[in-house]
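Engineer: Build me a structure from this.
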Amino acid sequence: MNEDTWADCRLPLQRHEVHFGDRIVRCFAERPPSLHAMLERSVRARPDEDAVVFEGLRWSYRELDERVGRLAGGLEAAGVAAGDRVALLLSNRPEFLVALYAAQRLGAIAVPVSIREQRPGLEYIFGDCGAKVVFFDADLEERLPDPSAVPGCRLWVRLPVNPGAPASSHSAAAPADEGAPPPPMPAAGWETLAGADFLGQAAPVAEEDCAVILYTSGTTGRPKGAMLTHLGIAHSVLHFVHCMGLDERTRSILAVPASHVTGLIANLASTVAVGGANILMAAFKAGSFLELVERERATSTILVPAMYNLCLLHAGFGRADLSSWRIGGYGGAPMPVATIDAMLRKLPGLQLMNAYGATETTSPVTMMPSRFTREHGDSVGFRLPCADVVVMDDDGLELPPGEVGELWIGGPMVVRGYWNNPEATASEFTAGWWHSGDLGSVDAEGFVRVFDRKKDMLNRGGFKIYSVEVENLLMAYPGVLEAAVVGKPCPVLGERVHAFACVSDPGINEHTLRAWCAKHLADYKVPESVTLTDKPLPRNANGKLLKRVLRDALGQ
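Structural biologist: Model prediction:
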């Protein structure tokens, strides 16, 4: 990396430190000690400034802190203590922030979960992490597992329906499991728990402690709980703050799910850390987003490229006053040059910045300074100051600049490993370096490029889908002999999920298989089209499935 890349960012002093026993990593010498400490700092510095904006609601930092304290008091009275896991099955709403920071105040571990997850996935995640408390939106209740399947959970907390969230994001997104509905949920009400008349006491934590568990799909079909630490979150936040130029004037729109690492870290935590305003959208709609930028004088956001395209296509893009918008982060897919040019024609002061990262890296690993965005559209940028990226071959040997191999990532942001899964941790980490599974290169100037997904992952509008998870489920359906899932190109979402299935039962049709998947998978993982055949799927001499042949059959 060119050492001048981040010279304009006035970075804090860096030094090498030993963490997690055997990792030597480059760290910022001065940093927040915990996720909750970032909120405490902003409450002291900016008590009366906007902290949360949502629909007709507006909370100051003082008001947010009071709500966090009362909920922490209610949780403490209910027996929640440091290290306990608190699951958040919540949409983008102010209570998500309250529950997140209330858990942090007690030294508990927050476990945000996608509201698109279905009952089988929820049962596994709640059981695997040993959730003691589950917060959930009321209209997701039908998806919850039978409480007897999660015996360690002592408190189920129901929140009123989020008025801003469309039904398609919630229980109507996919049918519930067939059969008898679960028994009534013995849930407490949010108002009672969050109305405690005493404030929970802040518990001391070590920066290497786990603060958040985020579940990410694995090649075995079972999600893995990545353990995000206070140390990692602090460094990711500082990377966003210094390299994107965030400060107390930041007014950030959260338009991606709060339960994803981008929404959680890049949007919520980073904005709280500088004392800015988090402007929440229950779900992204281009027209509403543009109106929100204008009305709230929003300064920044991080979206997937498809969302920028939708903004460009909306009639309001040419009419709205978007002059306050100065930082446009994006990730999950490349930004077409045509999109970059169209955005900059309307908003010449907008800094479009690509970023690359993952749940296992607590979000960003690389970032593209806006001055390089257009000319290097095929790159995801340079490594961030405390990140390390090396390109390795299959034998674990570093490759020269420009050669393609697997990207290995190191730094204080890399997670400790996977919760309750030492086998996966041992398989995917080497001395603290995470094997990303992405095939890429780093050229002599330091530009990082990502070419393909070694683990055969699909990317649907920023949502990551491992094909093997869908394939395993399809092959569990009676009469399906083989299944293969590939990405079908889409100009808006990048890829859509297409399945090939070899079947022995002529009664099986596309609707049958899509309905089967919808019962068990988050809606974005469900195949949107299916090709049925009674012939074996193509394989090479070694028996390996030839997905390239299948992609060719789709006209790719």
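Engineer: if I pick the spatially most central residue of the chain, what's in contact with it?
Structural biologist: Centroid check for the chain by CA atoms, centre = their mean gives His260 as the closest residue, at 2.2 Å. Counting by CB atoms under 8 Å, 6 or more residues apart in numbering, His260 makes contact with 114, 214. Using the backbone N, CA and C atoms, a C-beta is placed for each residue, glycine as well.
Engineer: And it, its phi and psi?
Structural biologist: The phi and psi values for His260, taken as degrees, to the nearest 10, are phi -90, psi 160.
Engineer: repeat for the one 5 residues further on
Structural biologist: In this entry, Ile265 is assigned phi and psi values of phi -90, psi -50 (degrees, to the nearest 10).
Engineer: Would you quantify the distance from it to Ala258?
Structural biologist: Applying CB to CB, to the nearest Å, the value for Ile265 to Ala258 is 10 Å.
Engineer: Among those two, which residue is more densely surrounded?
Structural biologist: Ile265 (27 against 23; other CB atoms under 10 Å).
Engineer: Give the closest residue to the more buried one in space, chain neighbours not counted.
Structural biologist: The shortest distance from Ile265 to any residue other than its chain neighbours is 4.4 Å, reached at Ser363 (CB to CB, 6 or more residues apart in numbering).
Engineer: Neighbours of the one you found, how many?
Structural biologist: 31.
Engineer: Give the bridge partners for it, please.
Structural biologist: Using DSSP bridges, the beta-bridge partners of Ser363 come out as Ala358.
Engineer: now it: how far from Asp4?
Structural biologist: Applying CB to CB to Ser363 and Asp4 gives a distance of 24 Å.
Engineer: likewise Gly225?
Structural biologist: To Asp4, Gly225 is 39 Å away according to CB to CB.
Engineer: So for the two, which residue has more residues nearby?
Structural biologist: Of the pair Gly225 and Asp4, Gly225 is the one with more neighbours under other CB under 10 Å, namely 25 against 7.
Engineer: Which residues are in contact with the more buried one?
Structural biologist: By CB under 8 Å, 6+ apart, Gly225 lies in contact with 111, 125, 128-129, 213-215, 418-421.
Engineer: Please name every helix or strand in contact with whichever strand or helix holds Leu352.
Structural biologist: Assigned by DSSP states H and E, Leu352 belongs to strand 351-358. Packing partners of strand 351-358 (3 or more CB pairs under 8 Å, 6 or more residues apart in numbering; DSSP states H and E): helix 230-244, strand 327-330, helix 337-346, strand 363-367.
Engineer: okay, it in PDB with CA atoms only?
Structural biologist: The C-alpha coordinates for strand 351-358 follow below in PDB (Å, rounded to 0.1, in the frame of the first residue of the first chain):
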ATOM      1  CA  GLN A 351     -17.600  11.000  -2.200                       C
ATOM      2  CA  LEU A 352     -18.400   7.500  -3.400                       C
ATOM      3  CA  MET A 353     -16.200   5.000  -1.500                       C
ATOM      4  CA  ASN A 354     -16.100   1.300  -2.100                       C
ATOM      5  CA  ALA A 355     -15.500  -0.900   1.000                       C
ATOM      6  CA  TYR A 356     -14.800  -4.600   1.300                       C
ATOM      7  CA  GLY A 357     -15.100  -6.700   4.400                       C
ATOM      8  CA  ALA A 358     -17.100  -9.500   6.100                       C
END
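Engineer: ok, and what's touching it?
Structural biologist: So strand 351-358 is contacted by 216, 236, 244-245, 261, 266, 302, 326-331, 334-335, 340, 343-344, 363-370, 373, 379-381, 409, 434, 436, 448, 450 (CB under 8 Å, 6+ apart).
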